[in-house]
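Student: any chance you could fold what I've pasted below:
(one chain, ligands or ions: 3)
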Amino acid sequence: MRAPSLKANLFWPLALLSVLVFAGVAAAGLGLLTAFDIAARNREQSVVQNGISGRMGEVAHMATGECMWDQSVRNLDNRFDPAWAQLNIGAYFNQSDGFAASFVMDAADRPIYAARLSDAVDPATFYQRFAGGAGSLVKEVRAAEALRGKKGAPVVSQALADAVQATTLADVGGSLYILTATLVQPDFGTVRPKGPRAPIVITAMAMDQAFLNSFADRFLLRNVRIHVGSGDVAQASGAPGAAHIALKNHRGVDIATLEWTPQMPGQVLLRQLGLPVLGILACLAAGVLFLYHRGQKIAEVLMTSEARATHMAYHDALTGLPNRLLFFDRLGHALHQMRRTDETIAVLLIDLDRFKDVNDTFGHPAGDDLIRQVGKRLAAQCRLPDTFARLSGDEFAIIQTGTSVSAAASLATRLAEAMTQPIELEAGRVFIGCSIGITIIQDAGIDPAEALRQADLALYRAKDTAKGQFCFFEIEMDLVIKARRSLESDLRDALAQGALHMCYQPQVNERGGMVGVEALVRWRHPERGEIGPSFFVPVAEESGLILDLGMFTLRRAFEDSKRWKHLRVAVNVSAKQLRMRDFAARVMALVHEIGVDPGRFELEITEGILLGDDPDTHDMLNRLRSAGFSLVLDDFGTGYSSLSYLQRYPINKIKIDQSFIANLGVEAESEAVIGAIVKLAKALRLSVIAEGVETAEQVARLNATGCFDMQGYLFGRPVGAEQIDESVSSVSALKK
Ligand code: C2E
Ligand code: MG
Ligand code: MG
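Tutor: Ligands and ions are numbered 1, 2, ... in the order given. The predicted structure is shown next:
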């Protein structure tokens, strides 16, 4: 499983998002600052507009002092005194108030006096320059003068209640002037106008650079300039972003533009904060990149550890092979695939034969080493599409897809062969084999667990028949297992309900006298009738019922032995019983409870028990022997007969297996084998007895080899305890 690259997935969206955020913040900031500037400019423009109006009002007001004066009426109206006019109009207005020109108009609106700055000049000529702007003012004042007579109310200026005045901006030869026309009137009334039309004084204030500078100082304006002429106000503006207002004459006509450089708080803010803000944005971008990088690293670590955890959940830690979970998962997939492709699937279950011995003898590290090596060796036999898994301790399984019966058999053969080769462990060289169960899946709808169960049944059969073999699953195995299960439950009931009972088969000596009996258990089944132990003892051994069954037979044999004071009683003991730690103690407790002498009893064990030289078994047999029991090796010759066992274990007697007896007279070797066994027993000072003796000829041949103690149908079948006494004499007769 591979972690998908986060870099590829998230980098571009993240980068795009960063650019968008950056652009968004910048645009919003710039927009905000521009809005600041526009608002500030608009505010400044309206303040300047009001300022210009105010300044015009002030300029107009300057003329009222000289014009609304009794002396002015006397010297300009009643009679015209040019010297007075020069002193109080021309010189005064220029020197006191800074007017650039002044005029006195008579009752007929003719200029009778004119001053340029403070010097008197020819009125008619000089007035021509101002006549365009001043003429209409004079008309307004005359109209107001006429109305005043009727209404007695001021006309033009609200500030001067009694002044009759009109003012305007005018373009005079390309220069801008504030022109004011003021009617000459008395103030205290010591002199009265001579007629209905009084003289009018015209003043002209130049809006020159000096005027603009003082205006700018008052309103804190920068770069104030005037563009004289009508037209588009905006076009007059020279500098981008400059503020401007239209200057209008008293009729509302644009005649000039006042322009200046406005305060731009947004730009100031941008200059002052631009760099820090950019820095902050850069830091944020760096932070985002850093977090992204860290997040990516963390995500990669998480994905790696998740991948590792997933791998561990689905794989065996020791071998790295798929585990049971993954095996079932793959089997499920293979079955799913089978539904579509119809290919054949085989499930092979492999169990190592002597793994436990290696583990017990050399320890767990050696066992682990062995499993690892076996894993590699078996894996080498599989094809790539096959799944090779370790299910548990020494159990491996293979899912072979696209196979056939012969291909599965050939794989099993290769696996079995691979396992016949020795394995080199640090502890030494070991030989182990394996058994293999195979099921060929016919039905794609099968449950994976059921498929494994079938392979397990086949494995069971493979182990049962001969190790190192493989077996295919057959339906019949299922039936056997089912029958076995029902037998097991019946046997459990039988033990609890006392449906088992004992039979005793006579054992005779060379003179034919009954010297002992072998206790053989029987089961009287309610439906099946009498069932022999060959059938149900293995079931009892597998299910663990043998422990109860063993104690039952011992108890009954001990009890029944009291009936025959001079007979030895042989009791069969299974390997499972001997492996119980407290077996000896329990037997001795029974001995004491029933009150018997262990010296009268023989415990029959099979050679298999001695295999492996288990120290516990050794110890158990020694304890039983010390307690007085005799130990008999039953079915001798069929198992792993080994001379060394006979020497090492405290055995008293060998019981030659009935298969040799049955072959007496049929196969020539049988007699020789029996002869060798008898000689061996004698050399080791062991007693010997033959079982399964059915004919007189067998008796004769056994006698010839030196074996005289016997047991078999010839001397008596296993019978109830009551019949034993009666049989003794007839056995003797038969032997003759
Ligand atoms: P075994 O201990 O070798 O017992 C001898 C078997 O041979 C008995 O079968 C007996 O009936 C049979 N037999 C005796 N003489 C002849 C003969 O002349 N010809 C033939 N064909 N068979 C003969 P059985 O009673 O069916 O017992 C079978 C095995 O079951 C026994 O073999 C023994 O291993 C086991 N077994 C019997 N009773 C017990 C028991 O109480 N406990 C344990 N653990 N195993 C028992
Ligand atoms: Mg026996
Ligand atoms: Mg036997």
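
Student: low-confidence ranges in the stretch 1-150 of the chain?
Tutor: Across the stretch 1-150 of the chain, the ranges flagged by pLDDT under 70 are 1-11, 149-150.

Student: contact residues of it facing ligand 2?
Tutor: Counting by C-beta under 5 Å from the ion, the stretch 1-150 of the chain comes close to ligand 2 at no residue. (C-beta placed from N, C-alpha, C; glycine too.)

Student: can you map out the strands along the stretch 1-150 of the chain?
Tutor: Ranges of strands within the stretch 1-150 of the chain are 101-105, 111-116, 119-121, based on DSSP state E, counting those that start in this stretch.

Student: deepest-packed of these, please.
Tutor: strand 101-105 (a mean of 27; mean count of other C-beta atoms under 10 Å).

Student: now do the residue of the chain most remote from its centre against ligand 2, distance only.
Tutor: When distances are taken from the C-alpha mean of the chain, Arg79 lies farthest, 112.2 Å away, according to C-alpha atoms, centre = their mean. Counting by C-beta to the ion, to the nearest Å, the gap from Arg79 to ligand 2 is 177 Å.

Student: quick one, phi psi at that residue?
Tutor: Reported as degrees, to the nearest 10, the phi and psi values for Arg79 are phi -140, psi 150.

Student: can you tell me the strand partners of the lengthiest strand in the chain and which way each runs?
Tutor: Across the chain, the longest stretch assigned as strand under DSSP state E is strand 514-525. If you go by DSSP bridges, strand 514-525 pairs up with strand 500-508 (antiparallel), strand 529-531 (antiparallel), strand 568-572 (parallel).

Student: which of those comes out lowest on mean pLDDT?
Tutor: Note on the strands paired with strand 514-525: strand 529-531 shows the lowest mean pLDDT, a mean of 87.

Student: ok, the nearest residue to Ile440 once chain neighbours are set aside - contacts?
Tutor: Spatial nearest neighbour of Ile440, chain neighbours left out: Ala346 (5.2 Å); criterion: C-beta to C-beta, 6 or more residues apart in numbering. Shown in contact with Ala346 (C-beta atoms under 8 Å, 6 or more residues apart in numbering): Ile398, Ile399, Gln400, Thr403, Ala407, Ala408, Leu411, Ile438, Thr439, Ile440, Ile441.

Student: now the element after the helix or strand of the chain with the lowest mean pLDDT, going C-ward?
Tutor: Using mean pLDDT, DSSP states H and E, helix 233-236 stands out as the lowest-scoring helix or strand of the chain, at a mean of 48. For helix 233-236, the succeeding helix or strand toward the C-terminus, using DSSP states H and E, is strand 243-248.

Student: from the contact counts, what lies against that next one?
Tutor: The contact analysis (3 or more C-beta pairs under 8 Å, 6 or more residues apart in numbering; DSSP states H and E) places strand 243-248 against helix 6-67, helix 233-236, strand 254-261.

Student: tell me which of the ones you listed sits nearest to Arg218.
Tutor: Counting by C-beta to C-beta, Arg218 lies closest to helix 6-67 out of those; the figure is 7.1 Å.

Student: now the angle between strand 101-105 and that closest one, please.
Tutor: In terms of direction (axes from the mean of the first three to the mean of the last three C-alpha atoms, to 10 degrees), helix 6-67 departs from strand 101-105 by 40 degrees.

Student: now find how far off-centre helix 6-67 is within its chain.
Tutor: Put simply, helix 6-67 sits 52 Å off its chain's centre (C-alpha atoms, centre = their mean, to the nearest Å).

Student: tell me which residues of whatever helix or strand Asp616 lives in are tucked away?
Tutor: Secondary structure assignment for Asp616, by DSSP H and E: helix 615-627. Going by neighbour count (16 or more other C-beta atoms under 10 Å), the buried part of helix 615-627 is Thr617, Met620, Leu621, Arg623, Leu624, Arg625.

Student: next up, the contacts around the last one.
Tutor: Contacts for Arg625 were tallied using C-beta under 8 Å, 6+ apart; they are Leu631, Pro650.

Student: quick check, pLDDT for it.
Tutor: 96.

Student: now do it against ligand 1, distance only.
Tutor: As judged by C-beta to the nearest ligand atom, to the nearest Å, Arg625 and ligand 1 stand 19 Å apart.

Student: quick check: that residue vs ligand 2, distance?
Tutor: 18 Å.

Student: which parts of this protein sit against ligand 2?
Tutor: Checking the chain against ligand 2 by C-beta under 5 Å from the ion, the hits are Asn572, Glu604, Asp634.

Student: in terms of helices and strands, where is the last one?
Tutor: So the one you mean is Asp634. In this assignment (DSSP H and E), Asp634 forms part of strand 630-636.

Student: how far does that strand sit from the chain's center?
Tutor: Using C-alpha atoms, centre = their mean, the offset of strand 630-636 from its chain centre is 65 Å.

Student: that one: what's the following helix or strand?
Tutor: helix 643-648.

Student: distance to Asp386 added to the buried residues of helix 615-627, as TSV?
Tutor: Formatted as TSV, the buried residues of helix 615-627 follow (distance: C-beta to C-beta, whole Å):
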residue	distance to Asp386
Thr617	41
Met620	45
Leu621	47
Arg623	51
Leu624	51
Arg625	53
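
Student: which non-adjacent residue is nearest Val277?
Tutor: Spatially, and ignoring its direct neighbours in sequence, Val277 is nearest to Gly29 (6.8 Å; C-beta to C-beta, 6+ apart).

Student: is the one you found in contact with Ile280, as I believe?
Tutor: No. Using C-beta atoms under 8 Å, Gly29 is not in contact with Ile280, being 11.2 Å away.

Student: the more surrounded of those two?
Tutor: More neighbours surround Gly29 than the other of Gly29 and Ile280, with 17 against 12 (other C-beta atoms under 10 Å).

Student: list the contacts of stretch 98-108.
Tutor: 62, 76-77, 80, 85, 89-90, 93-94, 111-117, 123, 126-127, 130, 134, 138, 177, 181, 195, 197-206, 208.

Student: now the buried members of the residues you listed.
Tutor: 62, 76-77, 85, 89-90, 93-94, 111-116, 123, 126-127, 130, 134, 138, 177, 181, 197-206.

Student: so which of the residues you listed also contact ligand 1?
Tutor: Among the buried ones among the contacts of stretch 98-108, no residue is within reach of ligand 1 (C-beta under 6 Å from any ligand atom).

Student: follow-up on the earlier one: ligand 3: which of the strands of the stretch 1-150 of the chain is closest?
Tutor: strand 101-105 (157.7 Å; C-beta to the ion).

Student: can you list the strands that that closest one pairs with?
Tutor: Going by DSSP bridges, the partners of strand 101-105 are strand 111-116 (antiparallel), strand 200-206 (antiparallel).

Student: rebuild these as JSON lines, extending it with distance to Gln337.
Tutor: Listed next are the strands paired with strand 101-105 as JSON lines, based on distance: least, C-beta to C-beta, whole Å:
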{"stretch": "strand 111-116", "distance to Gln337": "116"}
{"stretch": "strand 200-206", "distance to Gln337": "105"}
